[in-house]
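Participant: The sequence and its predicted three-dimensional model are supplied below.
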Amino acid sequence: MEQKIGKLYVVATPIGNLKDITLRAIETLKNVDLIAAEDTRHTLKLLNHLEISKPLISYHRHNEDIKTEQLIGELQKGKDIALVSDAGTPGICDPGEVIIKECIENKIEIVPIPGACALINALITSGINTGEFTFYGFLPLNKKTRKEKLEEIKESEKTILLYEAPHKLITTLKDLEEILEDRQVVLARELTKIHEQWIRGTITDIINQAENLKGEIVLIIEGNKKIDKKENKKEKFQEMTLEEHYKLYENQGMGKKEIIKKIAKDRGLSKNEIYQKFI
Ligand code: SAM
């Protein structure tokens, strides 16, 4: 007879409000043989609240490799396991990736049990474009890689999402202020909790209100609108007469040849077409 292999259930738990757990998550936590938890004491509180009693195994960043091996062994013996983190969705700035990859290698079935995730809830309530976005997690602390990420953020036309710890918030906001100019930013704080709050404005507006802010924070940053800016500029030039356009550059001290070149570029025409119009 073929040996039954267990399944790994990746279970999302609340990010604050304990009611944010799905019926399927509760059913899964009740039915599995083991729960692998980032912090067993933390998860125990949730399990007590749900009146569930189950064996817990600690599974966090610092024991991920050894514990993955142990958990794969249990799955291969036929045990079903639920993986949970302290809050939200495992694998999103939380342990998860390593065991998932190992399950795939070992042909062990993985079942997602969806639920709360801070970045998604911050994004959908931000009022900033949700169509395309990039999630950077926590910005790196290493100076060089942090600078590289900040440069990427500056150029990105997609909405940017960052997680940040309250004690590093002001430093991060100041780093962002240096590159973002007047970009719209939303600070989403303590989502689903009593003191849930959104602060909206430019990065400087946010800094002015963020001193001593506590709690859990997501930053949502509007993408770089360079295409819009380019289009606006083009429209603006097209509203001018050619004479006004010429005068604009003449007043800046440019010579005839250079002015013709600039006007052609601004209006998306060839230099020849501009010469013809002047003639
Ligand atoms: N796995 C989690 C998820 O699905 O969002 C994220 C875990 S990560 C270690 C913790 C970070 O998530 C916090 O520092 C904060 O940036 C963000 N976060 C978690 N809960 C939050 C909440 N209720 N409101 C705002 N941000 C939250």
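Facilitator: On my side now, so go ahead.

Participant: Quick one: mean pLDDT for stretch 154-174?
Facilitator: Summarised as a single mean, pLDDT over stretch 154-174 is 96.

Participant: Go through it and flag the buried ones.
Facilitator: Burial within stretch 154-174, assessed by neighbour count using 16 or more other C-beta atoms under 10 Å, is assigned to 154, 156, 158-164, 169, 172-173. C-beta: built from backbone N, CA, C; applies to glycine.

Participant: What separation do you get for the residue nearest to residue 17 when sequence neighbours are not counted and residue 21?
Facilitator: Distances taken as C-beta to C-beta, 6 or more residues apart in numbering place residue 192 nearest to residue 17, at 4.0 Å, with adjacent residues excluded. Distance from residue 192 to residue 21, counting by C-beta to C-beta, to the nearest Å: 11 Å.

Participant: So the residue nearest to residue 17: helix, strand or coil?
Facilitator: Assigned by DSSP: H, G, I helix; E, B strand; the rest coil, the conformation of residue 192 is coil.

Participant: in the chain, which residue is closest to the centre?
Facilitator: By C-alpha atoms, centre = their mean, the chain has its centre lying nearest to residue 135, at 2.6 Å.

Participant: so what does the strand or helix carrying it touch, helix or strand wise?
Facilitator: Using DSSP states H and E, residue 135 maps to strand 133-138. Packing partners of strand 133-138 (3 or more C-beta pairs under 8 Å, 6 or more residues apart in numbering; DSSP states H and E): strand 159-164.

Participant: Now do the strand it packs on against strand 133-138: the angle between them, please.
Facilitator: Going by axes from the mean of the first three to the mean of the last three C-alpha atoms, to 10 degrees, strand 159-164 is angled at 20 degrees with respect to strand 133-138.

Participant: close to the ligand, is the very next helix or strand once past strand 159-164?
Facilitator: Reading on from strand 159-164 to the C-terminus, the next helix or strand found by DSSP H and E is helix 169-180. No. Contact of helix 169-180 with the ligand is not found when judged by C-beta under 6 Å from any ligand atom; the minimum separation is 9.7 Å.

Participant: which bits of the protein sit near the ligand?
Facilitator: Close to the ligand, as judged by C-beta under 6 Å from any ligand atom, the chain has residues 15-16, 85, 87-89, 92-94, 117-119, 163-165, 188-193, 216-218.

Participant: any low-confidence regions in the chain?
Facilitator: In the predicted model, the chain carries pLDDT under 70 at residues 1, 227-232.

Participant: Going by proximity to the ligand, name the top residue of it.
Facilitator: As assessed by C-beta to the nearest ligand atom, the ligand sits closest to residue 88 within the chain, at 2.4 Å.

Participant: That residue: how many residues sit nearby?
Facilitator: Residue 88 has 25 neighbours, counted by other C-beta atoms under 10 Å.

Participant: quick one: the strands in the stretch 101-250 of the chain?
Facilitator: Using DSSP state E, counting those that start in this stretch, the strands assigned to the stretch 101-250 of the chain run over residues 110-113, 133-138, 159-164, 184-189, 197-202, 217-221.

Participant: check contacts around the closest residue to residue 115 other than its chain neighbours.
Facilitator: Excluding the flanking residues, the one nearest residue 115 by C-beta to C-beta, 6+ apart is residue 12, at 3.0 Å. Neighbouring residues of residue 12 by C-beta atoms under 8 Å, 6 or more residues apart in numbering: 22, 25, 88-90, 113-117.

Participant: which one of these sits closest to residue 61?
Facilitator: residue 90 (12.0 Å; C-beta to C-beta).

Participant: So that closest one lies in a helix, does it not?
Facilitator: No. Residue 90 is assigned coil when assessed by three-state DSSP, not a helix.
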